[in-house]
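In: pasting the structure only:
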Ligand SMILES: Nc1ncnc2c1ncn2[C@@H]1O[C@H](COP(=O)(O)OP(=O)(O)O)[C@@H](O)[C@H]1O
Ligand SMILES: [Mg+2]
């Protein structure tokens, strides 16, 4: 495969996705080279989470057109489990609560390294949460930290982060940011990060940003500059300055 | 229980008995009682302040036992079966705190045997104790029947943590009838675990909070196998001020029918009570029918209930799958979590034991 090593870890070609009989994503084109981080902006309800869920393979998100290619393989019809095995990991925007299942159980499933579990849970101020039911009565920030904790233990090649810093206080954003940055520095790690607040941009190196509006990807550029523009002029402005375009 | 007394027990029988939470070595127990069919095999207290003996012996020996016998039914104006044979009398003396649990086992052995017992449990003023009752049936006990009447008297400031573990088989019918009378500042905790197959169980234990600031909590974990009917409820009558009650039930149906009842009745103002019933249906054939009831004659009460029944939430499965678990692993960990031993109000000491029992049984079920 010519794509290997230096090529794209993720390639999305003309992806159209439906949920509950409605088209949510239309002809989305996006690629993420190995070792790079892409940022996804966009207003509420524009389809950002849907894109990530379709990449992960959740039920209820039907791909009616296009392809998702990961590490050179088409993964459109693979199970979630297979996608995880290939190296895709997801940090939820709104993780479900699971009664009686402890955070520690999942951590131990994800990693045999008990020392690492201990250290990372300490670093993310989650030591006391290890013995608690997953996400049950976790605050917004605790949920995000617990999601980051799990995904780092999972150690995927491609991280899909859905608003990792929403609802997290500044101090914890800084901790999360540096944990994440440390991780992304490792060989070949890539990420697609959805952000509203833009805070995460201060902690990680991201080459490219794009904006999703109404299920289409618009605009591409330097994420920090883009975020500045969005703050000044809002999302609609992105539409004005560019046609929907090919990214990557 | 010493080797001699267990000599004529087959290894398989010992295993079933142990599966109902009975510690045959008696290492971690303060007193033990074992009745097979109608015969008392064993009855011994290892500690001062705990009396344990066959009910008929207690009625002979202690005139006051007679006064207790049947009195809880009288109080509620209820009848009870008179044709019982055996059962245990347990009394914990005033002010005693007993660290290790007392255990009692009611064991069915002979084919078609109808075991009918009447138990009396008396917790004197300020005494504190844990009691485990394990009920089980040998392979030979085909078409067996068990009727168990239990009367609990928890006097002022007393504390009883009662754990009942049912470990039956497909062709056994079971009918426990229990009433607990709870005096001022006393606490009655009932934990019920039924994970093995059974033909049918009908039970609706009642706690009467008669003294101010008394409490009752009923917690149950029920696994329903195909072809079984478990009609299981808990009732608390709150008769005095500042009493509190909680009923928590978790039921998982693998194909059988569960009727999960709960009844909270406020007969005084200033009481607080909560009822929670959650059910998971894992098979097309499974049925769970939750019937939560609340009654109050007063406005100044704080009573609530929640009930939720359904199959496992797909989001939960997919969440765990996105962390790399297979669909089967995800389902199994969710069901185990749902049946979390922490739902029961167990002392640390027993928690591990029961969690282990549970794991053994669930491991065989799916
Ligand atoms: N499972 C679903 N079923 C039906 N509609 C959905 C589903 N998931 C998302 N949608 C709809 O798709 C649109 C995009 O949602 P989402 O991807 O969550 O947006 P964003 O993450 O950009 O805020 C919204 O209108 C949302 O209501
Ligand atoms: Mg979203």
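Out: All right, it came through fine. It should be emphasised that the depicted structure is a prediction, and the values quoted were computed from it without experimental measurement. Numbering: from 1, shown residues only, chains lettered A, B, ... in the order given. Ligands and ions are numbered 1, 2, ... in the order given.
In: Show me what the host helix or strand of residue A:217 is packed against.
Out: Residue A:217 is part of strand A:216-221, with elements assigned from DSSP states H and E. Applying 3 or more Cβ pairs under 8 Å, 6 or more residues apart in numbering or on different chains; DSSP states H and E, one finds that strand A:216-221 makes contact with strand A:22-33, strand A:208-213, helix A:236-241. In this view, the C-beta of every residue, glycine as well, is placed from N, C-alpha and C.
In: Next one: it, is it in contact with ligand 1?
Out: No. Using Cβ under 6 Å from any ligand atom, strand A:216-221 never reaches ligand 1; the gap is at least 11.7 Å.
In: Just the helices from the stretch 151-300 of chain B, written as ranges.
Out: Counting by DSSP state H, counting those that start in this stretch, one finds no helices in the stretch 151-300 of chain B.
In: residue in it nearest to chain A?
Out: The nearest approach of the stretch 151-300 of chain B to chain A comes at residue B:278, 7.9 Å away (Cβ to the nearest Cβ).
In: which residue packs closest to residue 203, ignoring adjacent ones?
Out: With no chain named, the answer covers chain A. residue A:177 (2.7 Å; Cβ to Cβ, 6 or more residues apart in numbering or on different chains).
In: that's the wrong chain, I wanted chain B
Out: Using Cβ to Cβ, 6+ apart, the closest residue to residue B:203 is residue B:176 (4.4 Å).
In: Distance check, the one you found against ligand 2.
Out: 51 Å (Cβ to the ion, to the nearest Å).
In: quick one: low-confidence parts of the chain?
Out: Going with chain A. Residue ranges of chain A with pLDDT under 70: A:1-6, A:219, A:239-248.
In: Let me rephrase: I mean chain B.
Out: B:1-4, B:366.
In: of the helices and strands packed on strand A:216-221, which approaches chain B most closely?
Out: Taking the helices and strands packed on strand A:216-221 one by one with Cβ to the nearest Cβ, strand A:22-33 is closest: 17.4 Å.
In: Need the residues that contact the closest one.
Out: A:6-18, A:38, A:47, A:50-51, A:54, A:61, A:64-66, A:158, A:190-192, A:210, A:212, A:215-217, A:244, A:246-248 (Cβ atoms under 8 Å, 6 or more residues apart in numbering or on different chains).
In: mind redoing it with 6 Å?
Out: A:8-12, A:14-17, A:38, A:47, A:50, A:190, A:215-217, A:246-248 (Cβ atoms under 6 Å, 6 or more residues apart in numbering or on different chains).
In: Of those residues, which belong to helices?
Out: Using DSSP state H, the subset of the contacts of strand A:22-33 located in helices is residue A:50.
In: re the thing from before, for the helices and strands packed on strand A:216-221, which one sits closest to residue B:86?
Out: Comparison of the helices and strands packed on strand A:216-221 against residue B:86 by Cβ to Cβ identifies strand A:22-33 as nearest, at 67.4 Å.
In: Within its sheet, name the partner strands of the closest one and how each one runs.
Out: strand A:8-19 (antiparallel) (DSSP bridges).
In: Run the contact check for the partner strand versus ligand 1.
Out: Yes. Using Cβ under 6 Å from any ligand atom, strand A:8-19 comes into contact with ligand 1 via residue A:19.
In: just the strands in the stretch 251-366 of chain B please.
Out: Taking DSSP state E, counting those that start in this stretch to define them, one finds strands in the stretch 251-366 of chain B at B:257-266, B:271-281, B:287-296, B:301-310.
In: Over to chain A?
Out: A:8-19, A:22-33, A:37-41, A:62-70, A:73-74, A:88-91, A:98-102, A:133-134, A:158-162, A:190-194, A:208-213, A:216-221 (DSSP state E).
In: for the ones you listed, which one sits closest to residue B:171?
Out: strand A:98-102 (31.4 Å).
In: Report whether the closest one contacts chain B.
Out: Yes. Counting by Cβ under 6 Å from any Cβ of the partner chain, chain B has neighbours in strand A:98-102: A:98-101.
In: between those, which is nearest ligand 1?
Out: Proximity of the residues of strand A:98-102 next to chain B to ligand 1 (Cβ to the nearest ligand atom) peaks at residue A:98, which lies at 19.1 Å.
In: what about the residue nearest to the closest one when sequence neighbours are not counted, neighbour count?
Out: Excluding its sequence neighbours, the residue lying closest to residue A:98 (Cβ to Cβ, 6+ apart) is residue A:134, at 4.3 Å. Number of residues near residue A:134 (other Cβ atoms under 10 Å in any protein chain shown) recorded here: 27.
In: Hmm, residue A:134 is touching residue A:101, no?
Out: Yes. Contact criterion Cβ atoms under 6 Å: residue A:134 and residue A:101 qualify, at 5.0 Å.
In: Is it correct that residue B:74 falls within a strand?
Out: No. In this structure, residue B:74 is helix, not part of a strand, as judged by DSSP: H, G, I helix; E, B strand; the rest coil.
In: Return the distance of the closest residue to ligand 2 within the stretch 51-200 of chain B relative to residue A:105.
Out: With Cβ to the ion as the measure, residue B:195 is the residue of the stretch 51-200 of chain B nearest to ligand 2, at 40.5 Å. Counting by Cβ to Cβ, to the nearest Å, the gap from residue B:195 to residue A:105 is 20 Å.
In: Alright, calling it a day.
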